[in-house]
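K.L.:
Turn this into a structure:
(one chain, ligands or ions: 1)
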Amino acid sequence: MIGVFDSGLGGLTALCELVKLLPGEDFVYFGDTGRVPYGSKSADTVIRYSTEIMRFLSGFGIDAALVACGTASSAALPTLQREFPIPVFGVIDAAAAAAASATVTRRVGVIGTATTVRLGAFERGIKALDPDISVTSVACPLFVHLVEDGFTDPDDPVTLAAAERYLSPLRGIGIDTLILGCTHYPIISAAIAKTLPGVRLISSSKTAAEKLAASLREKPRRGHGTIRCFVSDTPEGFESAGQIFMGDIPLGRAEFVDISKY
Ligand code: DGL
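P.N.:
This next block holds a predicted model:
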């Protein structure tokens, strides 16, 4: 069984990829809907939240975990890898590697939450692979709210206006590759692509799922293809909102958990 978590619904973009890559695997997903967003919080707070969630997920006997959140990966991954005796994956490394190998202009953009941009983990990941790649990072705090509130139509004028406001400084500086450094962003990738035509978008959800799945490929799996979902606020509406992220992969009802007890 694999544990996956995010501050809210965004991590479902990674879960969706994992389900496609590992059919028959069992998954337990936790969305911290009672405490979203993480992207405006301090690293210490995000580490505390992430540790509680990992303690909760560990109770299911998971044998690997994906921190399906750019902010929690930036702030908490080293702590979680140290504290928990299972492989814990984040969304940074694989996206950084994909961007470093995709860029031809050697100019890469990164978009994420304010905390993700402040912590600079994607930038460090890219620079560790190739110090000559120039990286420009932009915080897009409204995007998480737009996605959580369902402003996901590619032609939604509010989402397009926000994308224009945040991303227009990235035009004309030679960027050919953009990391979607927040797992909510793949849901509005069409609006992002319209704002930055010709720029290759790298979903940190997808690259992380591919890395985790590749690490398990050689190991025998014995799941039943189940998905259990838990949230820290009312489960009401999770199933229908979550379905936008999961496409035709059915998502059951979520259960409430008082995560601060963990
Ligand atoms: N999906 C989270 C991330 O990848 C959203 C952050 C937030 O809750 O602000 O960073």
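K.L.:
C-alpha only now, for contacts and for neighbours.
P.N.:
Will do.
K.L.:
Show me where the stretch 1-150 of the chain has its strands.
P.N.:
Here the stretch 1-150 of the chain has its strands, by DSSP state E, counting those that start in this stretch, at 2-6, 27-31, 64-67, 88-89, 107-112, 134-139.
K.L.:
deepest of those, which one?
P.N.:
strand 2-6 (a mean of 27; mean count of other Cα atoms under 10 Å).
K.L.:
Report the mean per-residue pLDDT for that one.
P.N.:
Strand 2-6 carries an average pLDDT of 98.
K.L.:
secondary structure element for the residue of the stretch 151-262 of the chain found nearest the ligand?
P.N.:
As assessed by Cα to the nearest ligand atom, the ligand sits closest to C182 within the stretch 151-262 of the chain, at 3.2 Å. Using DSSP states H and E, C182 is not contained in any helix or strand.
K.L.:
Have a look at the chain and report the helix or strand with the lowest mean pLDDT.
P.N.:
When the helices and strands of the chain are scored by mean pLDDT, DSSP states H and E, helix 238-246 comes last with a mean of 86.
K.L.:
Neighbouring strands - and their directions - for the helix or strand just after that helix?
P.N.:
Where DSSP H and E defines the elements, the next helix or strand beyond helix 238-246 is strand 254-256. Here strand 254-256 is paired, per DSSP bridges, with strand 227-231 (parallel).
K.L.:
In space, what's closest to S203 - neighbours in sequence excluded?
P.N.:
Counting by Cα to Cα, 6 or more residues apart in numbering, L180 is the residue found nearest to S203 once chain neighbours are left out, at 5.1 Å.
K.L.:
what sits against the one you found?
P.N.:
Taking Cα atoms under 8 Å, 6 or more residues apart in numbering, we find L180 in contact with 110-112, 186, 201-204.
K.L.:
how about V117, what does it touch?
P.N.:
Contacts of V117 by Cα under 8 Å, 6+ apart are 111, 137-139.
K.L.:
Can you lay out the contacts of L180 as a markdown table showing distance to the ligand?
P.N.:
As requested, these are exported to a markdown table (distance: Cα to the nearest ligand atom, whole Å):
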| residue | distance to the ligand |
| --- | --- |
| V110 | 12 |
| I111 | 10 |
| G112 | 6 |
| P186 | 10 |
| L201 | 15 |
| I202 | 13 |
| S203 | 11 |
| S204 | 8 |
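K.L.:
of these, closest to F5?
P.N.:
Ranked by distance to F5 (Cα to Cα), the contacts of L180 are led by S204 at 14.1 Å.
K.L.:
pretty sure the closest one is touching I92, no?
P.N.:
Yes - in this structure, S204 is within contact of I92 by Cα atoms under 8 Å, at 6.9 Å.
K.L.:
which neighbours do these two share?
P.N.:
Residues touching both S204 and I92 by Cα under 8 Å, 6+ apart: 70, 181.
K.L.:
Let me know the secondary structure of A190.
P.N.:
Secondary structure assignment for A190 (DSSP: H, G, I helix; E, B strand; the rest coil): helix.
K.L.:
what's the neighbour count on it?
P.N.:
By other Cα atoms under 10 Å, 17 other residues sit near A190.
K.L.:
residues contacting it?
P.N.:
By Cα under 8 Å, 6+ apart, the contact set of A190 is P154.
K.L.:
how far away is D93 from the ligand?
P.N.:
For D93, the distance to the ligand (Cα to the nearest ligand atom, to the nearest Å) stands at 14 Å.
K.L.:
Relative to E164, how far out is that residue?
P.N.:
Separation of D93 from E164 (Cα to Cα, to the nearest Å) stands at 28 Å.
K.L.:
Looking at the two, which one has more neighbours?
P.N.:
Legend: neighbour count by other Cα under 10 Å for D93 and E164, higher for D93 (21 against 17).
K.L.:
Skipping adjacent residues, who's closest to that one in space?
P.N.:
Nearest residue to D93, sequence neighbours excluded (Cα to Cα, 6+ apart): G125, at 6.1 Å.
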